[in-house]
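Participant: Provided below for reference: sequence and predicted model.
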Amino acid sequence: MIRHRRYFVPTMLAFGFAFLYVPILSMIVYSFNNSRLVTVWDSAHSPTLKWYVLLFQNTQIMSAARLSLGIATLNACISVVLGTLAGLALVRFGRFKGRTLLGAMTAAPLVMPEIITGLSMLMLFVAMERLIGWPAGRGITTITIAHVTFSMAYVTVIIQSRLANFDESLEEAAMDLGARPHIVFFRVTLPLIMPAIISGWLLSFTLSWDDVVISQFAAGPSSTTLPMVIFSKVRLGVSPDVNALATLMVLIVASGVVASAFWVRASERRRAREMQLANP
Amino acid sequence: MTTPYVRIDHVSKRYGDTVAVNNVSLDINKGEIFCLLGGSGCGKTTLLRMLAGFETPSSGALYIDGQNLADIPPYERPVNMMFQSYALFPHMSVEANISFGLEQERITRPEIKRRVAEILDIVKLGDYAKRKPHQLSGGQRQRVALARALVKRPKLLLLDEPLGALDRKLREHTQFELISIQEKLGVTFVVVTHDQEEAMTLASRVGVMNRGEIVQVGTPRDIYEFPATRFVADFIGSVNLFDGKLSEDEPEFVRVGCPQLPAPVYIDHGMSAPPGADCWVAIRPEKIELGRTAPAGPDNWAHGVVQGIAYLGDMSVYLIRLDSGREVRVTQANRTRKPEEQFKWDESVYLCWDAGSPVVGMG
């Protein structure tokens, strides 16, 4: 029994990792394939970087990437501000009238089917354009608004949980020391919830960066985001330059994760060293 | 008679149907250390938070130095608070924590620097100015919290369980340090605590609270030696309480008959109540003497058997079962090492006490 268990855990671990990462690995490997056919490995001329070269020459993909980057950044910034405000209102303002409603409404986009959100957004934009003339046509503005509606919900949840275990006596202490409420917020509350705000920003950025369904509804003819380009390319058959594009995206995300992990570990170590100095 | 510095005037605080603070009136003098002592939920912290401005009284008024605090928000009150959790800003150094309060006033940079250095010197943390709170020990954090509140030179400093988070050795040391800092700066302190030892050593006066009301105000000695009610007698220190009936009441003495005691209790002061009235008698364990021979007088004695002994080094606590079945605590100082001064398990002993020792009260 014991002997079996010695093999059981490593085997399950290997299966787990394979399940998660084999698809991504095969995609990365095939991005260096010379063949036009994605599923056939051309061992004579591989590996090659030709798809990467083609990718950077493809103006459609490059402009879509720039558009996605812009929308994702703008979305993350707006979502963080609105989400933080909503989180603060829900945790800090006590039992005001309509609190339950606000809580339910901010959480609704988390569970709402994307297709419904997208469709209702489209109908809203069309109706608004007819009534007040804004937003004129669909493009960056409408995609950003649509993305903010669901990103904000995630930020609200993150901020809410951070504030729930926030020691309120810190804010009282600041007020007791003579700080007016806005100074308390900017000098005590904000610095202390900054980690939650940063992770909310990163999450909103990623949500917007890879959204297809809602963007599809909110986008106009001249505004095609990167995921939409990939999606439409794949519909005509998978081409190897999509593999190359996806590999680059994985690379960027992975290096971001690794860098932040290193940063966290370095600051932990610095803190441990300072602790040692403090108690010799 | 000078006018009181801090005045709490018929203050009540209600949360829905529950009354946290019930019609409390208190006068606190300038430069004293006043302790609010009571169990958890007795309203002491609510009273403190009303002084700081975090809660508003449901009725009544608060004054400091003649100024009504009613419409003054916490950030404009001449009051600072030391929180139970210390509430140090974790993202700021010791220096930044202390200067935070001064930066909110119109004070020049060099002046802030000077005052921070001065207070760091007083709390003996000069070498730790650049540390973050998480790099400090519990005692050091406590001193930073104190410095941060004192640097504002408040008219009144509120301390919420100031020694609660420290271990025993450190507490004793810090208690005396706190008193010496208070004497040096002359700030009025209001301390909230559930720990009677803390209240006794720190306070010049103690206010005992129970169920939102002030039960007794007095010096630590008054409260201990002359508790006004049965609750105070029982709450402060350990005590042996007996129910009884007043048998004689003269101007200069009273006699109380207690069913649990073989002899009447004779007390050397009058109390002007009708004979036969129900009353209680409280005798402190350290005021009872143990002996092997029957005492001479007709009053103030009892007889029992040693049921338990706790040897504490400097003294021993004896649990004695009286002939009536009642158990009584007696403490005896271990003044010598002579074996005849120590009593053994199951030994038959006589208890006696001075006519000035018991406290008698009604209700």
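Facilitator: Perfect, thanks for sending it.
Participant: distance-wise, check the nearest residue to B:L102 once chain neighbours are set aside relative to chain A.
Facilitator: On the basis of Cβ to Cβ, 6 or more residues apart in numbering or on different chains, the spatially nearest residue to B:L102 that is not a chain neighbour turns out to be B:I112, at 4.6 Å. From N, CA and C alone the C-beta is placed, and that goes for glycine too. Counting by Cβ to the nearest Cβ, to the nearest Å, the gap between B:I112 and chain A amounts to 13 Å.
Participant: any idea how many residues pack against B:I112?
Facilitator: Neighbourhood size, B:I112 [other Cβ atoms under 10 Å in any protein chain shown]: 18.
Participant: also B:K44?
Facilitator: For B:K44, the count of nearby residues is 30 (other Cβ under 10 Å).
Participant: so what pLDDT did the closest residue to it other than its chain neighbours get?
Facilitator: Using Cβ to Cβ, 6+ apart and skipping residues adjacent in sequence, the residue nearest B:K44 is B:L36, 4.3 Å away. At B:L36, the model reports a pLDDT of 95.
Participant: and B:L36, bridged to which residues?
Facilitator: With DSSP bridges applied, the residues forming beta bridges to B:L36 are B:V192, B:G207.
Participant: okay, now the unreliable bits of the stretch 151-280 of chain A?
Facilitator: When the per-residue scores of the stretch 151-280 of chain A are filtered using pLDDT under 70, the ranges that remain are A:271, A:274-280.
Participant: okay, helices next: where are they in it?
Facilitator: In the stretch 151-280 of chain A, helices defined by DSSP state H, counting those that start in this stretch lie at A:168-176, A:181-184, A:190-209, A:213-218, A:226-235, A:240-278, listed in chain order.
Participant: and A:S79, which of those helices is closest to it?
Facilitator: Put simply, out of these the one that sits nearest A:S79 is helix A:190-209, at 4.2 Å, with distance taken as Cβ to Cβ.
Participant: what about B:P4, neighbour count?
Facilitator: Other residues lying near B:P4 total 16 when counted by other Cβ under 10 Å.
Participant: the one 3 residues further on now?
Facilitator: In terms of burial, B:R7 registers 19 neighbours under the definition other Cβ under 10 Å.
Participant: that one contacts B:D65, correct?
Facilitator: No - with contacts defined as Cβ atoms under 8 Å, B:R7 does not count as touching B:D65, sitting 9.4 Å away.
Participant: right, is stretch B:166-178 up against chain A?
Facilitator: No - Stretch B:166-178 is not in contact with chain A by Cβ under 8 Å from any Cβ of the partner chain; minimum separation 14.6 Å.
Participant: about what we covered before: hmm, who's touching the helix or strand where the residue nearest to B:L102 lies?
Facilitator: Of the helices and strands defined by DSSP states H and E, B:I112 is found in helix B:109-122. The set of residues that contact helix B:109-122 without belonging to it, under Cβ atoms under 8 Å, 6 or more residues apart in numbering or on different chains, is B:94-95, B:98-99, B:102-103, B:107, B:126, B:128-129, B:147, B:150-151, B:181, B:184-185.
Participant: go with 6 Å
Facilitator: For helix B:109-122, the external contacting residues (Cβ atoms under 6 Å, 6 or more residues apart in numbering or on different chains) are B:I98, B:S99, B:L102, B:G126, B:A129, B:A147, B:V151.
Participant: next one: stretch B:254-271
Facilitator: Under the criterion Cβ under 6 Å, 6+ apart, residues B:242, B:244-248, B:250-253, B:281, B:299-302, B:324, B:326, B:355-356, B:358, B:360 lie in contact with stretch B:254-271.
Participant: can you list the residues of chain B near chain A?
Facilitator: Chain B has residues B:52, B:54, B:74-75, B:80-81, B:83, B:85, B:87, B:91, B:100-101, B:104, B:135 near chain A, with proximity defined as Cβ under 6 Å from any Cβ of the partner chain.
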